[in-house]
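J.: based on what follows, work out the 3D shape:
(chains A and B)
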2 protein chains.
Amino acid sequence: MNIEMIRAARERLTGHARVTPLLSSPFLDELAGRRVLVKAECLQHTGSFKYRGAKNALSALDPDVRARGVIAFSSGNHAQGVALAAREFGVPAVIVMPSDAPALKLTNTRGFGAEVVTYDRATEDRDEIGARLATERGLTLVKPFDEPQVIAGQGTLGLEIAAQAADLGVIDAQVVVPCGGGGLTSGVALALADAAPGMRVHPVEPEGFDDVARSLISGHHEVNPRLSGNICDAIITPSPGKLTLPHMLALCGPGLTVTEDDALHAMAQAFLRLKIVVEPGGAVALAAALTGKCEADTVIAVTSGGNVDPEVFGRAMAML
Amino acid sequence: MNIEMIRAARERLTGHARVTPLLSSPFLDELAGRRVLVKAECLQHTGSFKYRGAKNALSALDPDVRARGVIAFSSGNHAQGVALAAREFGVPAVIVMPSDAPALKLTNTRGFGAEVVTYDRATEDRDEIGARLATERGLTLVKPFDEPQVIAGQGTLGLEIAAQAADLGVIDAQVVVPCGGGGLTSGVALALADAAPGMRVHPVEPEGFDDVARSLISGHHEVNPRLSGNICDAIITPSPGKLTLPHMLALCGPGLTVTEDDALHAMAQAFLRLKIVVEPGGAVALAAALTGKCEADTVIAVTSGGNVDPEVFGRAMAML
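T.: Now for the predicted structure:
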């Protein structure tokens, strides 16, 4: 895993992934007490950064292997990224989801052309189902974060940050990134270590689900005691990735945490001041910037996804 | 008024106005039955295209004249555009607003550094107040649309559409634009007539407030019978501009109209599929595309603003 892989990913993604804008508002600067630049990745295809990694991973496959199709386990943003990338290549995508996943997520994933295979969480083994399908059909598994080509794809977002910030004259900054398994955080950190060495990346997690922050302190793979019960569900994973943690240990500053209300408040400000729709998990980095958790003169906050249902969005707007 | 003025405006705005993204979603294509590209101008500084015209108009002023300050009549997006542009030049801005304007609009305009002067709609004459202030302080009036440098600034959006569409291989398209006084519509039409002659611009208005559509048929300045009572308030003006109508007559296709519910529905789809916040008046062109009012294989819809309060946005989300 190195910068060359990220640059190669950028070549593959050019003309496919969107170069998402770097937004700002004097009102947010005032709230944060510093300059805040927002990398609006919620505007990416499928509404999250996951398209970058999925598209790059599929692009990097041997064409004969790719033609047999891909498989992913996900009920959320990764599923949509893999589904769209597969459709663009005209190859089959099978997404394995729990049968109790929200209807909208199933519909959206099917809407991107994927075959959704559901399983009963209580009685069936997801991995067994996936392995059987993969073997029977010759499908290639696309992991959500612990996969070099996925990390490289997410890293292209870091290259964009470096270039867009440089256009504004910014070369030193604290870059805060919503963090689940660490694919986006480690990819961005690897990209910026090369392309903008004056910038320091910090993962941001929900309070009580700060496995990465604790792992950065202990140096080991810490585990979350719970995996549900937080509005930022899109970025809650059991533990940092095997591949991603070493990169984060080598390159990232301390992890930050925010509350659910902080995330909702950041969503409301993104609505009011930037005119973008951000999901709770995608808003935690902006939340860190707006609640005094950052120190640098310039903070670049990634808003990593916008797939939020109207009810939850309404809760955010009620904070205005 | 010509393409050279628009190109000069682009030079002035480079590094100031945002190049807003051209977004799309396969779900919107499916709804519309054709390819839909959305020029997300709600992501512009101050949340609307008005910043372009205001910034260009101020940039084009003689520095000594500009230094004395500017004045505008507006309770909405034009006010914010003028206020921010003036602050960036470090010159005073006076915005004349009715005293019953929504509190958020007053607060926002002051937040961009302007002095807000309120008047009583029932007992005071806005124009008299403005003329007195302008004379006393040597302020220059920045009109919202019937001003060549404002039209030229809005036209830069057309140049961006031409370039961004060409990157996608699109040279023929129907371009639908939310239309009030016609500054944006005529500016975009002038730009595209030169930069993308295969594209045809159509103004879009709310039903019952279609002065421009009727003026394009009659060839004269038709007047709206009412000026309130529609959710798309940002684009309701008495009549097309003196300067803008001749350009629209020369260059635009027939005007289109949509209902309030169409606009709310388009806002909901923009939330769900594009992750952008669009105000009702800014959503009418997308609404036209989504409700079968367009005919071309490719429609480019401008979402011209995102300054909407949470209550109205909630009404849109309730349509999902």
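J.: pLDDT averaged over stretch A:134-147, what's the number?
T.: Summarised as a single mean, pLDDT over stretch A:134-147 is 95.
J.: nope, stretch A:165-177 is what I was after
T.: 97.
J.: so what's residue A:104 scoring on pLDDT?
T.: Reported pLDDT for residue A:104: 77.
J.: would you list every one of the strands in chain A?
T.: In chain A, the strands defined using DSSP state E lie at A:22-23, A:35-40, A:70-73, A:93-98, A:115-119, A:140-141, A:173-178, A:199-206, A:256-258, A:298-303.
J.: tell me which of those sits nearest to residue A:82.
T.: Proximity to residue A:82 (CB to CB) singles out strand A:70-73 among the strands of chain A, at 4.4 Å. Where you see a C-beta, it was placed from the backbone N, CA and C, and this is true even at glycine.
J.: how about residues contacting that closest one?
T.: For strand A:70-73, contacts defined as CB atoms under 8 Å, 6 or more residues apart in numbering or on different chains pick out A:54, A:58, A:61, A:78-79, A:82, A:86, A:91-97, A:126-127, A:130, A:133-134, A:139-144.
J.: just the ones in helices from those, please.
T.: The helices, defined by DSSP state H, take in A:54, A:58, A:78, A:79, A:82, A:86, A:126, A:127, A:130, A:133, A:134 from those.
J.: domain boundaries for chain A, per the record?
T.: Split into domains by automatic domain parsing, chain A comes to A:3-49+A:147-317, A:51-141.
J.: one step back: in PyMOL, select just the buried ones from the ones in helices among the contacts of strand A:70-73.
T.: Per 16 or more other CB atoms under 10 Å in any protein chain shown, the buried members of the ones in helices among the contacts of strand A:70-73 correspond to this PyMOL selection:
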select buried, chain A and resi 54+58+78+79+82+86+130+133+134
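J.: closest to residue B:34 among the ones in helices among the contacts of strand A:70-73?
T.: Proximity of those to residue B:34 (CB to CB) peaks at residue A:86, which lies at 24.0 Å.
J.: want to throw the strands of chain A into CSV with distance to residue B:24 and mean neighbour count?
T.: Listed next are these as CSV, based on distance: least, CB to CB, whole Å; neighbours: other CB atoms under 10 Å in any protein chain shown:
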stretch, distance to residue B:24, mean neighbour count
strand A:22-23, 19, 22
strand A:35-40, 16, 26
strand A:70-73, 23, 25
strand A:93-98, 20, 22
strand A:115-119, 23, 17
strand A:140-141, 28, 16
strand A:173-178, 24, 29
strand A:199-206, 30, 28
strand A:256-258, 32, 24
strand A:298-303, 20, 28
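J.: tell me, how many residues neighbour the residue in the stretch 51-200 of chain A positioned nearest to chain B?
T.: Scanning the stretch 51-200 of chain A for proximity to chain B using CB to the nearest CB identifies residue A:111 as nearest, at 6.1 Å. By the criterion of other CB atoms under 10 Å in any protein chain shown, residue A:111 has 18 neighbours.
J.: contacting residues for it?
T.: B:26, B:27.
J.: and with 10 Å instead?
T.: Contacts for residue A:111 (CB atoms under 10 Å, 6 or more residues apart in numbering or on different chains) come out as A:80, A:83, A:84, A:87, A:104, B:25, B:26, B:27, B:30, B:273.
J.: buried sites along stretch A:239-256?
T.: A:239-241, A:243-245, A:247-248, A:251-253, A:255-256.
J.: from the residues you listed, which is closest to chain B?
T.: Of these, the one sitting nearest to chain B (CB to the nearest CB) turns out to be residue A:256, at 23.7 Å.
J.: quickly list what the closest one is bridged to.
T.: Beta-bridge partners of residue A:256, counted by DSSP bridges, are residue A:204.
J.: would you mind measuring from it to residue B:194?
T.: Distance of residue A:256 to residue B:194, computed by CB to CB, to the nearest Å: 49 Å.
J.: contacting residues for the closest residue to residue A:125 other than its chain neighbours?
T.: Leaving aside its chain neighbours, residue A:125 sits nearest to residue A:119 (7.8 Å; criterion: CB to CB, 6 or more residues apart in numbering or on different chains). Contact analysis of residue A:119 by CB under 10 Å, 6+ apart lists A:73, A:96, A:97, A:98, A:99, A:125, A:126, A:128, A:129, A:130.
J.: what about the residue nearest to residue A:147 when sequence neighbours are not counted, how many residues nearby?
T.: Leaving out its chain neighbours, the residue that sits closest to residue A:147 by CB to CB, 6+ apart is residue A:57, at 6.3 Å. When neighbours are counted by other CB under 10 Å, residue A:57 registers 28.
J.: residue A:172 too?
T.: Residue A:172: 13 surrounding residues under other CB under 10 Å.
J.: how about the helices in the stretch 201-320 of chain A?
T.: Here the stretch 201-320 of chain A has its helices, by DSSP state H, counting those that start in this stretch, at A:211-218, A:244-251, A:260-269, A:284-290, A:310-317.
J.: do the last one and chain B come into contact?
T.: Yes: Helix A:310-317 is in contact with chain B by CB under 10 Å from any CB of the partner chain, via A:310, A:311, A:313, A:314, A:316, A:317.
J.: remind me what that helix packs against, helices and strands.
T.: If you count contacts as 3 or more CB pairs under 10 Å, 6 or more residues apart in numbering or on different chains; DSSP states H and E, helix A:310-317 packs onto helix A:260-269, helix B:310-317.
J.: buried deepest among the ones you listed, which one?
T.: helix A:260-269 (a mean of 23; mean count of other CB atoms under 10 Å in any protein chain shown).
J.: quick one: it to helix A:310-317, angle?
T.: Put simply, helix A:260-269 runs at 90 degrees to helix A:310-317, going by axes from the mean of the first three to the mean of the last three CA atoms, to 10 degrees.
J.: between helix A:260-269 and strand A:298-303, how many degrees?
T.: 90 degrees.
J.: I'd like the average pLDDT over helix A:260-269.
T.: On average, helix A:260-269 scores 98.
J.: helices or strands next to that helix in the packing?
T.: Contacts defined by 3+ CB pairs under 10 Å, 6+ apart place helix A:260-269 against helix A:26-32, strand A:35-40, strand A:199-206, helix A:284-290, strand A:298-303, helix A:310-317.
J.: which one of the domains of chain A has the lowest average pLDDT?
T.: Taking the mean pLDDT of those, domain A:51-141 comes last: a mean of 93.
J.: from the chain's centroid, how far away is that one?
T.: Mean-position distance between domain A:51-141 and its chain equals 17 Å (CA atoms, centre = their mean, to the nearest Å).
J.: can you get me the start-to-end distance on it?
T.: The straight-line separation of the ends of domain A:51-141 (CA to CA, to the nearest Å) is 15 Å.
J.: can you pull the contacts of residue A:250?
T.: Listed by CB under 10 Å, 6+ apart, the contact set of residue A:250 reads A:186, A:189, A:190, A:193.
J.: mind putting the ones in helices among the contacts of strand A:70-73 in CSV, distance to residue B:281 included?
T.: CSV is the format used below for the ones in helices among the contacts of strand A:70-73 (distance: CB to CB, whole Å):
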residue, distance to residue B:281
A:54, 37
A:58, 41
A:78, 37
A:79, 36
A:82, 38
A:86, 39
A:126, 47
A:127, 51
A:130, 48
A:133, 49
A:134, 51
